[in-house]
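Q: Pasting the sequence and the predicted model now:
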Amino acid sequence: MAVSLDMVRNIGISAHIDSGKTTLSERVLFYTKKIHAIHEVKGKDQVGATMDYMDLEREKGITIQSAATYCMWKGHNINLIDTPGHVDFTIEVERSLRVLDGAVLVLCSVAGVQSQSITVDRQMKRYKVPRICFINKMDRAGANPFRGVKMLREKLSHNAHLITYPIGAEDQFKGIVDLVTMKAIYFDGDNGENLREEAVPADILEDCKKYREELVAAVGEFDENVGMKYLEGQDVSVDELREAIRKATLSLEFTPVMVGSAYKNKGVQPLLDAVLAYLPNPMQSVNIALDQHKNEEKVELKSDPKAPFVALAFKLDEGRYGQLTYMRVYSGTVRKGDVIFNSSNDKKVKVPRLVQMHADEMHDIEEARAGDIVAFFGVDCASGDTFTDGTVKYTMTSMFVPNAVISLAIEPKEKAGQANFSKALNKFTKEDPTLRVHRDEESAQTIISGMGELHLEIYCERIKREYNCEVVVGKPQVAFRETITGKGTFNYLHKKQTGGSGQYAKVIGFIEPLPADAAMQYEFVDEIVGGSIPREFIPACDKGFQEAIKEGRLIGFPIVGVRCVINDGDSHDVDSSEMAFKTAALMGFREAYEKAGAVVLEPIMKLETSAPEEFQGSVMGQINQRRGMIANSQTNEGYAVIEAEVPLNEMFGYSTDLRSATQGKGEFTMEFLKYAPVPRNIQEEMVKKHQEKKAKESK
C-alpha cells in the first residue's frame, strides 16, 4: 500500500561482526508481523535467520550480502537493509549507506566500539547518514552500556546520550526506562510482544532523572525553546523533548543511544518507535546529482513523485532467472512497462518487472515512487549506474570503492568447467566492485584480487556451489615492487650491422631514486645540450626506459620510484632510428640498475587484532613470528587490542592460526599501509628463486 513520503523510512542496520545485527533484523520483522516465527542465526535452528538466506551465510553464521526487506510499523513503511559486519565485505555496507536516509549502529554491550564499528562510522559520516545507536546484548555477562556511551564519545567523538536506561543488566536485565516519557517498559509474552508500562523503579529513579537532565541539556543546544527551559529550570514536555532530539539527530551532531537485547526480545519495539520519531524521511535528506548537460553542475533532487524520474542502481544480484537490480528512486515515479534511460551509456531499457524485496522473496508491485527502494527484474546494467526518464541527464555521485589488498591464482580443476568458471567470475565482478579479475600474461594464470582471505574464500566456495565448478587455488600473489637506493650511471652503445642500413645509438646518463614522498613513480629528465642526440629520438629514449621499468631484474616485478636522466650520447646520420634509441635506453637502464643498489619492496599492512587478555602473549608471539612490528597494545575490560605493522606476504593462514591460539575468540582487521624494503636475507632467497624459474623457462 502506498503511504505518503513523510511516512517512509529507509534505514540500514550496520555494526562490527557479531554485534547482533541479523538477530535484531529478525525481531523487527517479527514485531512488524512480516514473519510469524523467530529464527536464530546460529545453533540448532534448521531454518536460519530470514535475512541470511544464502546457504553459506547460514553455515558460517555471518552475513555476506546485504539483504533488503520492507515492513509496516504504526502506519509507516520501513525499508530495511541488514548489512555484513566483516571488513572483507565492506563494499556491501558502502553501497547500502550510499542510498539510505538513516541508520542504526549496533554495538555489543560488552565489547563496545570495535575496529569495524569505527569503519562503519566512517562510512556513515562519508554519506552524511544520521544514526541511532542501539547497545545490544544487555543480557550478556559483563554488559556495561555506560562504557559503550563513553567509547562512542572518546573513540568516535560522537555527542552520544542515552534516551533509554537499562533496568538491571546481565541475567538480571528486565526491561528499559524511556527517559523521554520517564516510564519503565517491560516486555512480556513468549517473544516479548506485549509491552507493559509502569512507574520507574525507586532504586534507579535518581539515576534516570540525572540522565534525563543530561539529555535535555545536550539537545537544548539544537532547540532554543528546550535550551531556554533547561536554563530556567522549567520542565520540558515529552513532545518538546522528542522534537529537540529529532532536530539534534538530523543535524548529524548528536547520537541518541538506546539499550536492549534483541536475542531476549527486549527493547526492539522502542527502537522502531525511535526510527519513526528521530530518523529522516526521504524528503529530509539532501540528495545531490550531477547534471551532465551543464558540465556536471550540482543539482539537489527533490523527493517529488511528479518530478523527472532519477534512480541509482546500487546493488546487483544475479539470480537463477536473471539479473535483479536494486534501485533507490530519488525523484519521480516509475511504472511497470515504462522506458528508462541508463545515463552512463544512454541505452534505453523497458522495465519488465518491478518488485519489492523481502530477503530473497520477490513481491510484485505496479509502481515505485521517490523515496522507495525496489528491485527491477531483467534490467541489465552495472553497479552504480544512474537511470532517468530521458528528460534530464543526471548522474548520482558514485560510492567509494577501496583498493584490493590480496590476490590468488585460480583455475578450474577440470577443463570442462572453463565455461562455468568464466561465467561465475563475470557475474561476481559485476555484482561486487571490490572483486577484481585479471589475466597475468607472464604466468598465463587467472588472478582474482579482493579485500581479504575470507572475501576470496567465499567466492571460491560460491563458484563451486552455484556453478558446480571445482577450482584449484594457488598461493596468493603479493604485489611486490622493486626500486633503487643509490645512483647508477650508464654509457651504452647499441650498434648492429645487418645487410642494408644498420642500427646505431649511444646514450649516456644516470638513474637515481626519487624522493620518498614523490607523487610520481617514474620521471624522465632530458639534459641533452648541443644536439648530441637529435630531438626526434628523445621520446624513443623515454619509451625505452618505460619498457625497462615494467619488469625488474631482481624478481621480475615493476620498478617504482626512479628518475632516468640522459645528458649525452651520439647518433649516426643513416643508421640511427627510433628503434635503435629505444633499445639503447632499455639496455643502458639495465646496466645502471646493476650499480644502483636495487631492492625489493613489499606491501606492509596495518593489523589490528583483538582477543581475550589471557591470550595476549601468544597473539603477540604470532605477530613477531610473522616479522610484525607491534605499534601499540592496550587492554579493555578483559580484551587485548594489539595494533601492528606486518608484511602482507607473512599474513597467509593468519586467521586459522589466530583462531587456534585463542580458542576461536580472536578477531583481526587489516588494511594496506605502505611499501617497505624486504630484509636482505629474504631478498636473496627471492632473487635465487626467480633466477631458477627463469632458467627452467628458457630450457
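A: Everything's here; your move. Please read all numbers here as calculations on a predicted model, not as lab measurements.

Q: what's the following helix or strand after the least confident helix or strand in the chain by mean pLDDT?
A: When each helix and strand of the chain is scored by mean pLDDT, DSSP states H and E, helix 55-60 comes last, with a mean of 57. Using DSSP states H and E, the next helix or strand after helix 55-60 towards the C-terminus is strand 67-73.

Q: Can you tell me the strand partners of that following strand and which way each runs?
A: Sheet partners assigned to strand 67-73 using DSSP bridges are listed as strand 76-82 (antiparallel).

Q: which outside residues touch the strand it pairs with?
A: 3, 7-13, 21-22, 25, 28, 32, 51, 63, 66-72, 96, 100, 272, 275-276, 372-373 (C-beta atoms under 8 Å, 6 or more residues apart in numbering). In this view, the C-beta of every residue, glycine as well, is placed from N, C-alpha and C.

Q: Okay, and which of those residues map to helices?
A: 21-22, 25, 28, 96, 272, 275-276 (DSSP state H).

Q: tell me which strands and helices the one helix or strand Lys315 maps to is in contact with?
A: Assigning secondary structure by DSSP H and E places Lys315 in strand 310-319. Helices and strands touching strand 310-319, by 3 or more C-beta pairs under 8 Å, 6 or more residues apart in numbering; DSSP states H and E, are helix 90-99, strand 322-331, strand 386-388, strand 394-396, helix 418-431.

Q: Out of those, the one nearest Glu297 is which?
A: strand 394-396 (10.1 Å; C-beta to C-beta).

Q: could you point out which element follows that closest one?
A: Immediately after strand 394-396, counting by DSSP H and E, sits strand 406-412.

Q: Return the set of buried residues in that next one.
A: Buried residues in strand 406-412, defined by neighbour count with 16 or more other C-beta atoms under 10 Å: 406-410, 412.

Q: hmm, back to that, select, out of the helices and strands packed on strand 310-319, the one closest to Gly588.
A: Here helix 418-431 is closest among the helices and strands packed on strand 310-319 (C-beta to C-beta), at 40.5 Å.

Q: What's the local residue count around Ile458?
A: 23 (other C-beta atoms under 10 Å).

Q: did I read that right, Lys229 in a helix?
A: Yes - assessed with DSSP: H, G, I helix; E, B strand; the rest coil, Lys229 lies in a helix.

Q: Hmm, it is touching Val236, no?
A: Yes - contact criterion C-beta atoms under 8 Å: Lys229 and Val236 qualify, at 5.2 Å.

Q: can you list residues touching both of the two?
A: In contact with both Lys229 and Val236: Val216, using C-beta under 8 Å, 6+ apart.

Q: quick revisit: quick one: residues in contact with the strand holding Lys315.
A: 65-66, 92, 95-96, 98-99, 289, 301, 323-332, 334, 340, 375-376, 379, 381-388, 392, 394, 396, 399, 427, 430-431.

Q: Could you check the angle it makes with strand 76-82?
A: Angle between the axes of strand 310-319 and strand 76-82 is 50 degrees (criterion: axes from the mean of the first three to the mean of the last three C-alpha atoms, to 10 degrees).

Q: Given strand 310-319, what are its sheet partners and their directions?
A: Per DSSP bridges, strand 310-319 is paired in its sheet with strand 322-331 (antiparallel), strand 386-388 (antiparallel).

Q: how about those in a markdown table, adding mean neighbour count?
A: Shown next, in a markdown table, are the strands paired with strand 310-319 (neighbours: other C-beta atoms under 10 Å):
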| stretch | mean neighbour count |
| --- | --- |
| strand 322-331 | 23 |
| strand 386-388 | 24 |
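
Q: ranking the ones you listed by mean pLDDT, which is last?
A: Ranked by mean pLDDT, the strands paired with strand 310-319 bottom out at strand 322-331, with a mean of 82.

Q: what comes up buried for the helix or strand just after it?
A: Where DSSP H and E defines the elements, the next helix or strand beyond strand 322-331 is strand 333-335. The neighbour-count check on strand 333-335 (16+ other C-beta under 10 Å) flags 333-334 as buried.

Q: Equivalent analysis for stretch 493-502, please.
A: Neighbour-count burial for stretch 493-502 [16+ other C-beta under 10 Å]: His494.

Q: For the stretch 101-250 of the chain, which segments count as helices?
A: 115-126, 145-155, 202-220, 224-231, 238-250 (DSSP state H, counting those that start in this stretch).

Q: Those helices: which one's closest to Arg353?
A: helix 115-126 (31.2 Å).

Q: other SSEs contacting that closest one?
A: Right, helix 115-126 is packed against strand 8-15, helix 90-99, strand 102-108, strand 667-677 by 3+ C-beta pairs under 8 Å, 6+ apart.

Q: swap the cut-off to 7 Å and go again
A: Applying 3 or more C-beta pairs under 7 Å, 6 or more residues apart in numbering; DSSP states H and E, we find helix 115-126 packed against strand 8-15, helix 90-99, strand 102-108.

Q: now for these, which one comes closest to Lys665?
A: strand 102-108 (13.3 Å).

Q: partner strands of the lengthiest strand in the chain, parallel or antiparallel?
A: Using DSSP state E to define each element, the chain has its longest strand at strand 598-612. Next to strand 598-612 in the sheet, as set by DSSP bridges, lie strand 481-484 (antiparallel), strand 639-647 (antiparallel), strand 667-677 (antiparallel).

Q: The following helix or strand past that strand vs strand 639-647, what angle?
A: Per DSSP H and E, the first helix or strand lying C-terminal to strand 598-612 is helix 616-625. Relative orientation of helix 616-625 versus strand 639-647 (the same axes, to 10 degrees): 10 degrees.

Q: Can you get me the centre-to-centre distance for helix 616-625 and its chain?
A: In terms of C-alpha atoms, centre = their mean, to the nearest Å, the gap separating the centre of helix 616-625 from the centre of its chain is 28 Å.

Q: Only the buried residues of that helix, if you could.
A: 616, 618-620, 622-623.

Q: Residues contacting the helix or strand just after that helix, please?
A: Next helix or strand after helix 616-625 toward the C-terminus (DSSP H and E): strand 629-636. Residues outside strand 629-636 that contact it (C-beta atoms under 7 Å, 6 or more residues apart in numbering) are 613, 620, 623, 640-645.

Q: Of those, just say which sits nearest to Asn491.
A: Closest to Asn491, out of all of the contacts of strand 629-636 and judged by C-beta to C-beta, is Glu645, at 41.0 Å.

Q: Can you tell me how far the closest residue in space to the closest one that isn't next to it in sequence is from Ile13?
A: Excluding its sequence neighbours, the residue lying closest to Glu645 (C-beta to C-beta, 6 or more residues apart in numbering) is Met629, at 4.8 Å. Per C-beta to C-beta, to the nearest Å, Met629 is found 37 Å from Ile13.

Q: Neighbour count: those two, which is higher?
A: Under the neighbour definition other C-beta under 10 Å, Met629 and Ile13 were set side by side, and Ile13 has more, 26 against 13.

Q: Is Lys487 in contact with Val562, as I believe?
A: No - Lys487 is beyond contact range of Val562, at 10.6 Å (criterion: C-beta atoms under 7 Å).

Q: Just want to know which of those two has more residues nearby.
A: Set side by side, Lys487 and Val562 show more neighbours around Val562, with 26 against 15, by other C-beta under 10 Å.

Q: Can you tell me which of the buried residues of helix 616-625 lies closest to Ala598?
A: The closest of these, once distances to Ala598 are taken by C-beta to C-beta, is Ile623, at 29.1 Å.

Q: The closest one: what's its closest spatial neighbour, skipping adjacent residues?
A: In space, and not counting its chain neighbours, Ile623 is closest to Ala644: 5.0 Å by C-beta to C-beta, 6+ apart.

Q: Next: Phe557.
A: Nearest one to Phe557, counting by C-beta to C-beta, 6+ apart, is Phe480 at 4.5 Å.

Q: neighbours around the one you found, how many?
A: Neighbours of Phe480 (other C-beta under 10 Å): 20.

Q: Just read off the phi/psi values of it.
A: With angles defined as degrees, to the nearest 10, Phe480 sits at phi -70, psi 160.
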